[in-house]
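Participant: Generate a structure from the sequence data that follows.
(2 chains)
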Protein chains: 2
Amino acid sequence: MLSHAFRILLSANLWVCLYAHGTGLICSLLLDFPIATPHGLKNCRARFKNRVSCSGTKDRGRYAMSQYVRVGIEGLQDFLSAVFERRGFTASDADFIAETLIDADRHGIASHGVQRMAMYDHKLRHGMIDPNAHTSVVSDAKACAVLDGHSGMGQLISRDAMRLAIDKAHEHGIGIVSVRDSNHFGTAGFWARMAADQGFIGVATTNSNPLAVPTHAGLPALGSNPIAFAVGRGDDQFVYDAATSTVSLGKIEVLAKLGEPIEGDWAVDEYGAINHDSASVMAKITASHRIGGLTPLGGSGELNAGYKGYGLNLIVEILTGILSGGILSWDMKGQHICHCFAAIDLEAFGGAELISERVASLSSRLRTLPSVDGHPVLVAGDKEKAAAQANSDSIAIDPVTFEQLGVIARRVGIAAPHAEYLK
Amino acid sequence: MLSHAFRILLSANLWVCLYAHGTGLICSLLLDFPIATPHGLKNCRARFKNRVSCSGTKDRGRYAMSQYVRVGIEGLQDFLSAVFERRGFTASDADFIAETLIDADRHGIASHGVQRMAMYDHKLRHGMIDPNAHTSVVSDAKACAVLDGHSGMGQLISRDAMRLAIDKAHEHGIGIVSVRDSNHFGTAGFWARMAADQGFIGVATTNSNPLAVPTHAGLPALGSNPIAFAVGRGDDQFVYDAATSTVSLGKIEVLAKLGEPIEGDWAVDEYGAINHDSASVMAKITASHRIGGLTPLGGSGELNAGYKGYGLNLIVEILTGILSGGILSWDMKGQHICHCFAAIDLEAFGGAELISERVASLSSRLRTLPSVDGHPVLVAGDKEKAAAQANSDSIAIDPVTFEQLGVIARRVGIAAPHAEYLK
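Facilitator: Numbers count the residues shown, from 1 in each chain, chains lettered A, B, ... in the order given. The predicted structure is shown next:
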């Protein structure tokens, strides 16, 4: 029924409204989150435009719809934590989940940060995420294990799993843990960094809803299936975190929201042709019978080796859905997500300090390479670290998300977060 | 001196001769292999054109320069094995090295097969590969180890390393072995399959000469750094084996040989502009001061996420050059190559048979997807398996390589292999 309603909205040319908030709004719309209806959005927009306080927050400044607000991390942490507590989590678990979301925003990965609150709130209210679930061990043999998350919160399951992988790495030198029946775990990089911060190599992957198209096909049989890999510490920590599709769907959602075309070869239609129309890509990939989708890294066809991204995508599928005995991206409908985590002890390789120094040395050499186009030569994680430094005490939140936080606040009966100042 | 001679050859417009055999010829030229001089090539070509037997082989059929010959695997195995024995390897090691080269040709990966004999022979004659080297253990801690190959034959060092990784996987559930001071190990996929054939997940990577360009740079600081991953058995074995650059240099060498441009965004010049001129790419990447080079998977710049291929490339560099304490691709000059191997026991994940069945099931589903362009939807390894079936008793060898085998045969004092029939 939801998808039927969605099609009606599409035919009514309501894309501008639909994409006023990218991922969050689409999620909200599909998941019946009140603020995300075109009417609700319109009302909220009007209020923003009129610079009138909305959503019951006090004195949070005056801003226009087009403006993001900045919210202090400390207050936001307290707010999010209180929301999760009200939704049934223990105080420490609620704190942790809040921390993971703010961490994403701090690192400039807003798509995986606070703007997901609408989705989490919807899933918690509708029993799609069980706050009382306990991760169980399906099998455990030396350095390897399979865990079942029993539809719990992805962040808590992932913490259990990476902790186990690290424990196994302590004992065996390396640990690998595949997980089934989890939920969205935030950024893959968070989990890889968790191991790297403790002196290990950290690896994290997940499967996802079907969004990406195999080479020579026109249907999305693959998840976006990111791979994260982190090693080293501090400013020179190497943190790779990227979907095995050319881009994640979030980038296309943002363009659709802005009414802009896609410049790159990021998506194909059901006939395999590159689709530069961001709204069209979104319509096709969110239809009840999904068609077209994201290209694998390397693009469509074989010309620029798209089959490599396709193959990497399947490696993730094997490590997650297949090793864990869970479901595949192909069959996924927003739930029962599968992950895989690994940690490697660096003791046999000279120790964490030495490896961290070597990584730092290579990174430094790379950063000194002359740029050919005015953009500096960087190393994986550099952009995110710079963002985290810039966002050390507050993060930017788009106005629709901020409005959604107000709705959630009212639902759980607490005060909405305070917007510290305008961006 | 060699590079000086190379530049003179370039200026004399001898590219057609230079590229009459792609990788092998370039290697041969740079490594003073007699047949690869323009004069030698011209003479050999004339002999092929006149359909006159050359190189002292008996009754190997009549063929033109443009024609490949087919050589029976049994006889070729004996021939190659005899060559390696004469170069100082034990009979069983010589057999094994020969087997790895023929395996590459059988799987349709001619760039890594028998055509490398000129390079191996050169390096063995000049002490760059030590046939008497013994792999030593630098460090060993539970599931992890570092080996030193002491400039031995890459295939023997890799066999030692993957055997150790598998032993460790038996004992700990997983094993990871990083290797320094090795030589070219053939195809990465061979080593991943070695583990998969025994019921493990197999992973193999290597660094290489600097050939690929970091995002926003114009100089080759990265190797082609392939990743191989294999799991499952038989016809449905999943075998991913691909450089983290858009293509390997061999593909561009073939185009240069044919005098054809590059259609894809495979390489950039020193200013970061896509370079479609295959001869120009080769000249720049083989110059004494290398400039330009291969694009990372995803292409140049950030538009189609080339930074992802760049990041994956660095992951390989970390697992190989950095973990092993060996040298980086950036500093490599054809020697002291570093690898990394891993094996994962599937016991904790339900066992090898179950995982193999799940992989086969997913592969079958993918292969049934409708094609959008007439090319079937395949899974990693499908093309190579089809080639191996087609080449079950003989392989195709290009005429220049076949000529080189004749030269090697004369050098070591044995009969050249017999060409069974024309392609």
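
Participant: can you pull the buried residues of the strand or helix carrying residue A:410?
Facilitator: Using DSSP states H and E, residue A:410 sits within helix A:399-412. By neighbour count on 16 or more other Cβ atoms under 10 Å in any protein chain shown, the buried set for helix A:399-412 is A:399, A:400, A:401, A:402, A:403, A:404, A:405, A:406, A:407, A:408, A:409. In this view, the C-beta of every residue, glycine as well, is placed from N, C-alpha and C.

Participant: Report all helices and strands that it contacts.
Facilitator: Applying 3 or more Cβ pairs under 8 Å, 6 or more residues apart in numbering or on different chains; DSSP states H and E, one finds that helix A:399-412 contacts helix A:22-30, helix A:38-49, strand A:69-72, helix A:73-86, helix A:117-125.

Participant: 10 Å instead, please
Facilitator: helix A:22-30, helix A:38-49, strand A:69-72, helix A:73-86, helix A:117-125, strand A:394-397, strand A:419-422 (3 or more Cβ pairs under 10 Å, 6 or more residues apart in numbering or on different chains; DSSP states H and E).

Participant: the helices in the stretch 51-200 of chain A, which residues?
Facilitator: Here the stretch 51-200 of chain A has its helices, by DSSP state H, counting those that start in this stretch, at A:73-86, A:91-106, A:117-125, A:154-172, A:188-196.

Participant: for the second one, packing partners?
Facilitator: Going back to what we said before, that points to helix A:91-106. So helix A:91-106, by 3+ Cβ pairs under 10 Å, 6+ apart, packs with helix A:73-86, helix A:117-125, helix A:154-172, helix A:188-196, helix A:382-390, strand A:394-397.

Participant: Output those in CSV; the columns should cover mean neighbour count, distance to residue A:418 and mean pLDDT.
Facilitator: Below are these laid out as CSV (neighbours: other Cβ atoms under 10 Å in any protein chain shown; distance: least, Cβ to Cβ, whole Å; pLDDT from 0 to 100):
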stretch, mean neighbour count, distance to residue A:418, mean pLDDT
helix A:73-86, 20, 5, 97
helix A:117-125, 22, 16, 96
helix A:154-172, 23, 24, 98
helix A:188-196, 28, 25, 98
helix A:382-390, 16, 20, 97
strand A:394-397, 23, 10, 94
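
Participant: closest to chain B out of these?
Facilitator: Judged by Cβ to the nearest Cβ, the one of the helices and strands packed on helix A:91-106 that comes nearest to chain B is helix A:154-172, at 4.5 Å.

Participant: how big is the angle separating the closest one from helix A:117-125?
Facilitator: Put simply, helix A:154-172 runs at 90 degrees to helix A:117-125, going by axes from the mean of the first three to the mean of the last three Cα atoms, to 10 degrees.

Participant: Which strand or helix spans the residue of the stretch 151-300 of chain A found nearest chain B?
Facilitator: Closest residue of the stretch 151-300 of chain A to chain B, Cβ to the nearest Cβ: residue A:272 (3.0 Å). Following DSSP H and E, there is no helix or strand that holds residue A:272.

Participant: Got phi/psi on it?
Facilitator: The phi and psi values for residue A:272, taken as degrees, to the nearest 10, are phi 90, psi 0.

Participant: Three-state assignment for the residue lying closest to it once chain neighbours are set aside, please.
Facilitator: Residue nearest to residue A:272 in three dimensions, not counting chain neighbours: residue B:372, with 3.0 Å by Cβ to Cβ, 6 or more residues apart in numbering or on different chains. Under DSSP: H, G, I helix; E, B strand; the rest coil, the three-state class of residue B:372 is coil.

Participant: OK, contacts around residue B:372?
Facilitator: A:213, A:215-219, A:268-273, A:292, A:300-301 (Cβ atoms under 10 Å, 6 or more residues apart in numbering or on different chains).

Participant: Cheers, nothing more for now.
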